[in-house]
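Visitor: Here is my input, please return the structure:
(4 chains)
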4 protein chains.
Amino acid sequence: MGELDVTALQRALRRFAEARDWEQFHAPKNLAAALSVEAAELLEIFQWLDEAQSRAVGPGHPLHERVAEEIADVQIYLLRLADKVGVDLDAAVRCKLARNEEKYPPEKARGNATKYDRL
Amino acid sequence: MGELDVTALQRALRRFAEARDWEQFHAPKNLAAALSVEAAELLEIFQWLDEAQSRAVGPGHPLHERVAEEIADVQIYLLRLADKVGVDLDAAVRCKLARNEEKYPPEKARGNATKYDRL
Amino acid sequence: MGELDVTALQRALRRFAEARDWEQFHAPKNLAAALSVEAAELLEIFQWLDEAQSRAVGPGHPLHERVAEEIADVQIYLLRLADKVGVDLDAAVRCKLARNEEKYPPEKARGNATKYDRL
Amino acid sequence: MGELDVTALQRALRRFAEARDWEQFHAPKNLAAALSVEAAELLEIFQWLDEAQSRAVGPGHPLHERVAEEIADVQIYLLRLADKVGVDLDAAVRCKLARNEEKYPPEKARGNATKYDRL
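Guide: Below is the predicted model of the structure:
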């Protein structure tokens, strides 16, 4: 839905960190750890639900707001990390999508019984 | 840098999954697990580096391309998951940024010695 | 099944690290990151399986050996980390089990509909 | 330090789950997710510390108790998961240690500049 203004958001995050003197903590190593921790907090919401129950977590569901907040946390650390290591998010995603198209040709992937490395 | 065309990317990911008959695997629970696994692959690159070494991983660094690819993987699963649970990425991020501004007033956060929950 | 000789294993791991001059990398922070990465590699095996399929992964199953190896990796880093921070694994586990008994009285936990924080 | 009585602990965990009717939630897939979440909670304690600060987290340190509790949580889910998939923890660890001895000969590992896959 919509667009993510990466430039503006990364600038806002930079200012946020600078205003609190937190740039010293934002080494890529630490941001990667924090990103991983936030991804786990997102997973925690779903850990005891079965797949069908997890599919029901749309707008209006009691867990929806919490899911939205954890998704935001992951996105925020990802924007910050990409900024610190100089990765162009849009270019990196498009490059990976092209690679995935090659790696998983539809006709082969369809009948594939090994359930790994699914995008 | 630039913008992320969330609508277009989510549509592309939806088609990618449909063409391979992978929608059946993309329950939010599974996507949250996959997101967490990708975040760990990103962390793995930095795990034995010290903070200073991690700060050197910019464009041209031998690890830069690998970092870019793992960042893309995290972004891709995040786009997919947000699509499946009906979360507007941009709105969720802006909402969380506003909350963080309130939660961590610069003057208090500056002198803060406890190093937790840093954005 | 059986016992884990924590003292002997931690001594073996200490020698292993010393012989390779790896103690310099084994800061608790790094070991916690590595542990998290190994836990994700274990999760990766199950990420696209449904619960019933995951229940079938016992001895003889094609995924069993891989699961055993990832479980071992997690246990190894946990032994190493506990050694480095001076945590007595057995005491810590028994203390937590006692706390869980209090926190989740069977009669209340049984009828509990919220599926969170399940041990 | 000491020993971990795997048999007794796994039996206690089994009874704990049965008494609360939680066996239904303890599919290996869910336990692997929960293990990963607990490992992230452990990592969270260290995420903004530098390596030297993390090396100071021994007995008596203000963070020591919290670290001990999160280590216990990881160990508990690992015991539970190993029980459910029929993995002998001690045998799996010894097997992996032997493999690591072969994979990383001390003389080669010593001079190794690439900081990856360090045990």
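Visitor: okay, and for chain A, where does confidence drop off?
Guide: A:1, A:111-119 (pLDDT under 70).
Visitor: In it, which residue sits nearest chain D?
Guide: When scored by CB to the nearest CB, chain A has residue A:40 as its residue closest to chain D, at 3.2 Å. To be clear about C-beta, it is placed using only N, CA and C from the backbone, and glycine gets the same treatment.
Visitor: buried stuff in the lengthiest helix in chain A?
Guide: Taking DSSP state H as the criterion, chain A has its longest helix at helix A:64-85. Residues A:64, A:67-85 are the ones in helix A:64-85 that count as buried (16 or more other CB atoms under 10 Å in any protein chain shown).
Visitor: Can you show me the helices along chain A?
Guide: A:6-19, A:28-46, A:51-55, A:64-85, A:89-103, A:106-110.
Visitor: Apart from its neighbours in sequence, what residue is nearest residue A:47?
Guide: Spatially, and ignoring its direct neighbours in sequence, residue A:47 is nearest to residue D:33 (4.4 Å; CB to CB, 6 or more residues apart in numbering or on different chains).
Visitor: dump the residue contacts of the one you found.
Guide: A:43, A:46, A:47, B:33, B:36, C:43, C:46 (CB atoms under 8 Å, 6 or more residues apart in numbering or on different chains).
Visitor: Ok, residue A:41 next?
Guide: Contacts of residue A:41 (CB under 8 Å, 6+ apart): A:70, A:73, D:37, D:40.
Visitor: wait, which of those is closest to residue B:4?
Guide: residue A:73 (16.9 Å; CB to CB).
Visitor: quick one: contacts for residue A:96?
Guide: B:69, B:72, B:73, B:76.
Visitor: Show me the two of those that sit farthest apart.
Guide: B:69 and B:76 (10.5 Å).
Visitor: The closest residue to residue A:75 other than its chain neighbours: neighbour count?
Guide: Excluding its sequence neighbours, the residue lying closest to residue A:75 (CB to CB, 6+ apart) is residue B:93, at 5.2 Å. Using other CB atoms under 10 Å in any protein chain shown, residue B:93 has 23 other residues around it.
Visitor: Hmm, residue A:10 and residue B:93 touching each other?
Guide: No. Contact between residue B:93 and residue A:10 fails when scored by CB atoms under 8 Å: they sit 11.1 Å apart.
Visitor: list residues touching both of the two?
Guide: In contact with both residue B:93 and residue A:10: residue A:79, using CB under 8 Å, 6+ apart.
Visitor: and the nearest residue in space to residue A:44 that is not next to it in sequence, how many neighbours does it have?
Guide: Counting by CB to CB, 6+ apart, residue A:44 lies nearest to residue D:37, which is 4.7 Å off, once chain neighbours are set aside. A count of nearby residues for residue D:37, using other CB under 10 Å, gives 25.
Visitor: quick one, what contacts residue D:37?
Guide: A:40, A:41, A:43, A:44, A:47.
Visitor: ok, which pair from these is furthest apart?
Guide: A:41 and A:47 (10.7 Å).
Visitor: how about residue A:10, what does it touch?
Guide: With CB under 8 Å, 6+ apart, residue A:10 has these contacts: A:79, A:80, A:82, A:83, B:1.
Visitor: could you dump these to a markdown table with distance to residue B:20?
Guide: Compiled in a markdown table, these are given as follows (distance: CB to CB, whole Å):
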| residue | distance to residue B:20 |
| --- | --- |
| A:79 | 29 |
| A:80 | 32 |
| A:82 | 27 |
| A:83 | 33 |
| B:1 | 30 |
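Visitor: Between all of those, which two are separated the most?
Guide: Largest pairwise distance in the contacts of residue A:10, by CB to CB, is 13.1 Å, between A:80 and B:1.
Visitor: For residue A:110, which residues are in contact?
Guide: Residue A:110 neighbours (CB under 8 Å, 6+ apart): B:20, B:21.
Visitor: From residue B:13, how far off is it?
Guide: 17 Å (CB to CB, to the nearest Å).
Visitor: which of the contacts of residue D:37 has the most neighbours?
Guide: residue A:40 leads those on contacts (other CB under 10 Å) with 30 neighbours.
Visitor: I'd like to know which of the contacts of residue A:41 is nearest to chain C.
Guide: Once CB to the nearest CB is applied, the member of the contacts of residue A:41 that ends up nearest chain C is residue D:40, at 5.7 Å.
Visitor: ok, the closest residue to the closest one other than its chain neighbours to residue A:80 distance?
Guide: Excluding the flanking residues, the one nearest residue D:40 by CB to CB, 6+ apart is residue A:40, at 3.2 Å. Look at residue A:40 and residue A:80: by CB to CB, they are 17 Å apart.
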